[in-house]
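Engineer: quick one: sequence and predicted model below, then my questions.
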Amino acid sequence: MQSINVCTPGHLDMADSYGLIAGQLARHLTALGCHVNLLALGDNQHPNQPADVAAITGQPMRAALGSISLGYPTGYHRYPAIAQVGPRVALTMFESTRLPAGWAEVLNTMDAVITPSQFCREVFQRCGVTAPMQVHVVPLGVSEVYRPAQRKTDGPFTFLAFMDRGLRKGGLTALQAFLRAFGDDSNYRLILKGRTPKVGMSLTNENVEVIQRDMSELELHELYLSAHCLVNPTKGEGFGLIPREFAATGGISLSTGWGGTADDIAQWGIPIPYRLVKADWRGAKALEGQDLGDWAEVDSMELAALMRYVALERERLLRQAHNQAPQVRRLYDWRRFAERVLDLWKGVADGNISGAKAAA
């Protein structure tokens, strides 16, 4: 049985992006016959872990050198010493068009780099990550929990948007567009979903609901099914799990047609128009003050017009979205993700993939 170290930043919290990727990777590598040592900089055991992932984080470690390292590359030096010697594969992403200081230098010491979108690969290569064949695009997966279902058509037509730290996710733009499009009309409803109170917002509009708590996959599935249309006017994504998950449930998924959400969007969603502006990373302590290139900006008036169009064409678009839903799982599968990562890991470990270090 092959033993592999998987290192992740922060807590191994599956409500967090890298925590989710680490958990899914560990789950499927284990199913493929590997022994996975999950090594988190925060808590290895977390309440948001399902039982099978908790069993992996709780098992005894087996000796292994090297690592599949997740997160920002400038934090890799904090991972345990056993992760620093031997085969090293980076699994990372970024959301604007210029990498932060130090990223390319660290990635060029890795044996291979994995990123989930064509956008990230292009940004990495343009910003000096050398040995182009060593930047591998491996799309993330969509959980089997997110199954298609017919939406209820009685009651208000419901939009869903996500909010989190900072402005990047576009929740405030979605709120502004909804109010422009529908005001306080009770025939239309907006749900704003954030994580455990970080948004700090309460609204008195009867047709707008704010939810601020972490959810399990089953709870998220129920939330997705309570809405007809997801509005995701993101400024930038390395991949964009949420709009793809929503599309897998048969809902209408609107997402910015740029960055990580642009890959295959015609097969699962409807692109939101955008323009490129200077990326503003204020509030992200490790990134403030750097010139990180551009990212997307969605005009709330254009988005309001698109939302009105969706509401008007709801029956046709819901049928179309329901018919497209099976395609999402064909495109994005966690087991296939793990298989591809394992193939790359074995190629590096066996010396079949020459490292970026040798190429440099």
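Structural biologist: Yes, it's here.
Engineer: give me the neighbour count for the residue lying closest to residue 314 once chain neighbours are set aside.
Structural biologist: Excluding the flanking residues, the one nearest residue 314 by Cβ to Cβ, 6 or more residues apart in numbering is residue 157, at 6.0 Å. All C-beta spots, glycine's among them, are computed from the backbone N, C-alpha and C. Other residues near residue 157 come to 20 when the count uses other Cβ atoms under 10 Å.
Engineer: is residue 157 bridged to anything, and to what?
Structural biologist: Beta-bridge partners for residue 157, by DSSP bridges, are residue 188.
Engineer: who touches it in this structure?
Structural biologist: By Cβ atoms under 8 Å, 6 or more residues apart in numbering, the contact set of residue 157 is 187-189, 228-229, 311, 314.
Engineer: and the pLDDT at it?
Structural biologist: Per-residue pLDDT puts residue 157 at 98.
Engineer: try residue 13
Structural biologist: Residue 13 is given a pLDDT of 89.
Engineer: please apply the same query to residue 353.
Structural biologist: Predicted confidence (pLDDT) at residue 353: the value is 56.
Engineer: all strands for this protein, in order.
Structural biologist: Per DSSP state E, the chain carries strands over the ranges 3-8, 35-40, 67-70, 88-91, 112-115, 135-137, 157-162, 188-194, 208-212, 229-232, 252-256, 270-272, 275-278, 294-297.
Engineer: ok, the fourth one: who's next to it in the sheet?
Structural biologist: Spelled out, that is strand 88-91. The strands beside strand 88-91 in its sheet (DSSP bridges) come out as strand 67-70 (parallel), strand 112-115 (parallel).
Engineer: winner for burial among the ones you listed?
Structural biologist: strand 67-70 (a mean of 26; mean count of other Cβ atoms under 10 Å).
Engineer: send the alpha carbons of that one over as PDB?
Structural biologist: Extracted as PDB, the C-alpha positions of strand 67-70 are listed here (Å, rounded to 0.1, in the frame of the first residue of the first chain):
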ATOM      1  CA  SER A  67       3.900  15.600  -0.200                       C
ATOM      2  CA  ILE A  68       1.000  16.800  -2.300                       C
ATOM      3  CA  SER A  69       0.900  20.300  -1.000                       C
ATOM      4  CA  LEU A  70      -2.300  22.400  -1.100                       C
END
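Engineer: residues making contact with it?
Structural biologist: By Cβ under 8 Å, 6+ apart, the surrounding residues in contact with strand 67-70 are 4-9, 18, 21-22, 25, 39, 76, 79, 82-84, 86, 88-92, 110, 341, 345.
Engineer: if we use 7 Å, what do you get?
Structural biologist: For strand 67-70, contacts defined as Cβ atoms under 7 Å, 6 or more residues apart in numbering pick out 4-9, 18, 21-22, 76, 79, 83, 88-92, 341, 345.
Engineer: so what's the gap between that strand and the chain middle?
Structural biologist: Offset of strand 67-70 from its chain centre (Cα atoms, centre = their mean, to the nearest Å): 17 Å.
Engineer: coming back round to it: now, which of the contacts of residue 157 sits nearest residue 254?
Structural biologist: residue 229 (6.5 Å; Cβ to Cβ).
Engineer: the spatially closest residue to the closest one that is not a sequence neighbour: how many residues sit nearby?
Structural biologist: Nearest residue to residue 229, sequence neighbours excluded (Cβ to Cβ, 6+ apart): residue 252, at 4.2 Å. Applying other Cβ under 10 Å, we find 25 residues neighbouring residue 252.
Engineer: I'd say residue 252 and residue 318 touch.
Structural biologist: Yes - Residue 252 lies in contact with residue 318 (Cβ atoms under 7 Å); the separation is 6.4 Å.
Engineer: let me see the mean pLDDT of stretch 323-338.
Structural biologist: For stretch 323-338, mean pLDDT rounds to 96.
Engineer: got the contact list for that stretch?
Structural biologist: Contact partners of stretch 323-338, identified using Cβ under 7 Å, 6+ apart, comprise 24-25, 28-29, 32, 138-143, 148, 244, 247-250, 264, 267-268.
Engineer: sorry, back to before: pipe the strands paired with strand 88-91 into TSV and attach distance to residue 218 and mean pLDDT per row.
Structural biologist: TSV is the format used below for these (distance: least, Cβ to Cβ, whole Å; pLDDT from 0 to 100):
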stretch	distance to residue 218	mean pLDDT
strand 67-70	25	97
strand 112-115	29	96
